[in-house]
Structure formats: C-alpha cells, structure tokens
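S.K.: The following comprises the amino acid sequence and a computationally predicted model.
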Amino acid sequence: MRTRQWMTLLFSTALVLAAPAVADAAPAGAHPGEAEVVVSGLQGAFGSTVGPDGALYVTEGVAGQITRVDPRTGATSTVADCLPKRIFGPGGATDVAFIGSTAYALVTLVDASVPGAGGTSVSGIYRIDGPHTCTVVADIGAFAIANPPRGGFPVAVPSGVQYAMEPYGDGFVVTDGHHNRLYQVSLGGRVSQLLQLPNIVPTGLAIVGRTLFLAEAGPVPHLPQNGRVVAFRLPAPRRPGSLVASGAPLLVDVEPGHGHRLFALAQGHFTPGQPPGSPADPGTGLLLRVDRDGGFDVVTDHLDRPTSLEIVRNNAYVVTLAGQVVRIHNLHGRAGSR
C-alpha cells in the first residue's frame, strides 16, 4: 500500500524507476529472497508506508494506532493511538500515508452501516494531529452510501471496504475492494468517484508519474488467473486499463522498486467456500517480481497472509496479518518463474 508518489515514468516495455535514498543495506551473505522477521506482536497489522524520515509506518487496526518501525533495528514506537479500533472483519485502520510531514490514515468498516457491528465512527481518512489527536478529513463511507456502486455485483456493506490509499494531486486516490472502484479524495474533504470497475476486487496501488498501477485480487475465490496488475493513466483513468502482469493468487499490493522492476504481493491460496473477505490460507503468500512476458517470478514464498509491501533500496518489507514485519533481502537476486 504504497504512499510515496514517484515522479518519473518512462513506460513502454520497461519501467525506469528511481529508488528513495534510505540507508538499508542487506547484511553480508544474505541470500536472494531470504526472509527475516524484524517485528512481531503488532495488533491487526495491515497497511504501511515509508515516511519522510525513512522509517516504516504500519497501521494496527485492532489497537487503533500507527506504529513507527526502524527498518534497520526493528525498534518500534507508537506515533498515534487515536484512531477508531477494529470492530468488524478486516476493518479499522487499513493504510497510512504522508503528505509532507503530516501522516494520514485510512479507516474502514467502523460506521453504522456495517451490518451487526454497532459502529459509531467515520469510515474515511483521518489526519494525525498528535499522538492522541486524530481529525476526520473525509467521510468516504457517507459518500459511498449516498452514491452506491453500479457494477452489477452484490453489495453487503453500504459504506464499502476501503483498502489502500496513495497521495495524488491535493489529496489521495483510494481503493474500495467491496464496491470495486477508485475514489479521489481531497484534503478539503471532497470525495468523488474516479473509476467504477467490474467485480475485480481492487486492493493495493502505486502511482508513478501519471500512471497508476493497481493490484486486482479478482472475485472470490481469487483464482490466480484473476490476480493481475493493471496500469491506468491519470488524471482520467478508463477501463479496462493496460494489463501489466497476471497469474497471482489473491493479489494485495504492487510496488515499484529500483532497477527497471515492479513487484507485487500475493496473499496466497484461497480455499473455495470461504466467506468473501476471508484471508488466504496461512503460509501460502508470495513476494513476486513482474517479468518481461506479462507474468511473475517468485522472489519469496511461504509468507503468512501478507497485506502490504514497501521497498527500501534492495530490500522488501512485508506486513502480515500475523502481526509481523518481514524483511526480504536482495531483491535483485535470481528468482524462480511461476
């Protein structure tokens, strides 16, 4: 759930990307794709970003907080504890982003429209004003209720299930994995529909210049052939977009890396018959690298229900539903094809 906007894009058959200047070298002898747990015990970990100070910031939906993680040492500290706590499913704080030095959080499934949950909070974007003070910037849930999607798919939660956000223009682009659409949200609180999609379950996104890369999990049961990365042109994206890669089970994030590479995160195998919104089977997640033939190469497998991906120089940081942050070393090593 990427929250840094990359300003340069040359997109034809290859991606030319610049990496952020953050000190995070892999230890000597680290094997390509080697995974290492750097943080554990987070409560409802879900979304993440790299902040202006080079640290990782992770949402904890159960605790209603944002946690800072030192990417070199794994040391953690609470940045804010003022967000609505999770009351239903994968709700609560699902993503975090910075505009300048100010942090913002995306919160979902906490309002009164969520069936049987008893929510009383706003589903939308909150500004972090201090460790104990959060301010609602935009009520996305209210907009969704007043403007229901028109995609021909069933809707169980009128306010939607917002998954990820990315800074763009004077605010953010936000994905809604339940209403299958993209919102544009301003810092002044204006919410508008940027794009209505069919039942493809949009999840993570990344913006590179004027190109928006979108991860699609595909409808339940999230078959690998429906897990795709698609590119759209901003400011007025149009369906169906340009296919970048496909073949990932329950795709949840996409992230540009250094050296002509685009990476994706798959949560893994989804057991048929599970209710919509259920996570993949434990230990089946994958960190993937987009290949030149429209498919994916496996960088690391056996990840436990990953939700969010950040790349810092040559390493990846993966947030998992198990409350961990996993560092994956040496992304430019060899990977096996899928």
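M.R.: Done, it's in.
S.K.: where exactly do the strands run in the stretch 201-338 of the chain?
M.R.: Taking DSSP state E, counting those that start in this stretch as the criterion, the stretch 201-338 of the chain carries its strands at 202-208, 211-216, 228-233, 242-246, 251-257, 261-266, 285-290, 296-303, 306-312, 315-320, 325-328, 336-337.
S.K.: Can I get the fifth one in CSV, CA atoms only?
M.R.: Yep, that's strand 251-257 we're talking about. This file holds the C-alpha atoms of strand 251-257, laid out as CSV (Å, rounded to 0.1, in the frame of the first residue of the first chain):
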residue,chain,number,x,y,z
LEU,A,251,-3.0,-10.2,-5.2
VAL,A,252,-3.0,-7.5,-2.5
ASP,A,253,-0.3,-4.9,-3.3
VAL,A,254,2.0,-3.6,-6.0
GLU,A,255,5.2,-1.6,-5.6
PRO,A,256,7.9,-0.1,-7.8
GLY,A,257,11.5,-0.9,-7.0
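S.K.: Number the residues from 39 up from this point.
M.R.: Okay, using 39 as the starting number, the last item reads as strand 289-295.
S.K.: mind listing the strands for the stretch 39-188 of the chain?
M.R.: 73-77, 83-88, 94-98, 103-107, 114-118, 130-137, 140-146, 162-168, 171-176.
S.K.: Mean pLDDT and distance to Ala73 added to the strands of the stretch 239-376 of the chain, as TSV?
M.R.: Any C-beta I mention is one placed from the backbone N, CA and C, and that applies to glycine too. Compiled in TSV, those are given as follows (pLDDT from 0 to 100; distance: least, C-beta to C-beta, whole Å):
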stretch	mean pLDDT	distance to Ala73
strand 240-246	97	19
strand 249-254	98	20
strand 266-271	98	22
strand 280-284	98	22
strand 289-295	96	16
strand 299-304	96	13
strand 323-328	97	8
strand 334-341	96	5
strand 344-350	96	11
strand 353-358	97	8
strand 363-366	97	5
strand 374-375	49	15
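S.K.: how about JSON lines for the strands of the stretch 39-188 of the chain, with mean neighbour count added?
M.R.: Formatted as JSON lines, the strands of the stretch 39-188 of the chain follow (neighbours: other C-beta atoms under 10 Å):
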{"stretch": "strand 73-77", "mean neighbour count": "17"}
{"stretch": "strand 83-88", "mean neighbour count": "26"}
{"stretch": "strand 94-98", "mean neighbour count": "27"}
{"stretch": "strand 103-107", "mean neighbour count": "23"}
{"stretch": "strand 114-118", "mean neighbour count": "17"}
{"stretch": "strand 130-137", "mean neighbour count": "26"}
{"stretch": "strand 140-146", "mean neighbour count": "26"}
{"stretch": "strand 162-168", "mean neighbour count": "20"}
{"stretch": "strand 171-176", "mean neighbour count": "18"}
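S.K.: how about those strands, which one is nearest Ala360?
M.R.: Nearest to Ala360, of all those, is strand 83-88, at 8.0 Å by C-beta to C-beta.
S.K.: got the contact list for the closest one?
M.R.: Outside strand 83-88, the residues within contact range by C-beta atoms under 8 Å, 6 or more residues apart in numbering are 39-42, 58, 60, 94-99, 128, 130-136, 144, 202, 345-348, 350, 355, 357-363.
S.K.: need the next SSE after the one helix or strand Val212 maps to, C-terminal direction.
M.R.: In the assignment (DSSP states H and E), Val212 maps to strand 209-214. The helix or strand immediately downstream of strand 209-214 is strand 219-224, counting by DSSP H and E.
S.K.: Now the element after that next one, going C-ward?
M.R.: Taking DSSP H and E, what comes next after strand 219-224 is strand 229-234.
S.K.: Pull up the pairing partners for that following strand, direction included.
M.R.: Sheet pairing of strand 229-234 (DSSP bridges) gives strand 219-224 (antiparallel).
S.K.: quick one: buried residues of the strand it pairs with?
M.R.: Under the neighbour-count criterion of 16 or more other C-beta atoms under 10 Å, strand 219-224 has 219-223 buried.
S.K.: So in that sheet, which strands flank the strand holding Val212, and in what orientation?
M.R.: Here strand 209-214 has these sheet partners by DSSP bridges: strand 200-206 (antiparallel), strand 219-224 (antiparallel).
S.K.: Can you say which of those strands is nearest to Gly285?
M.R.: strand 200-206 (20.8 Å).
S.K.: and the angle from that closest one to strand 130-137?
M.R.: For strand 200-206 against strand 130-137, the angle by axes from the mean of the first three to the mean of the last three C-alpha atoms, to 10 degrees is 0 degrees.
S.K.: okay, the angle between strand 200-206 and strand 162-168?
M.R.: Using the same axes, to 10 degrees: strand 200-206 against strand 162-168 is 60 degrees.
S.K.: what does strand 200-206 contact?
M.R.: Outside strand 200-206, the residues that touch it by C-beta under 8 Å, 6+ apart are 39-43, 85, 132-133, 135-137, 142, 144-146, 161-163, 178, 210-215, 221-223, 240-245, 250, 272, 291, 346.
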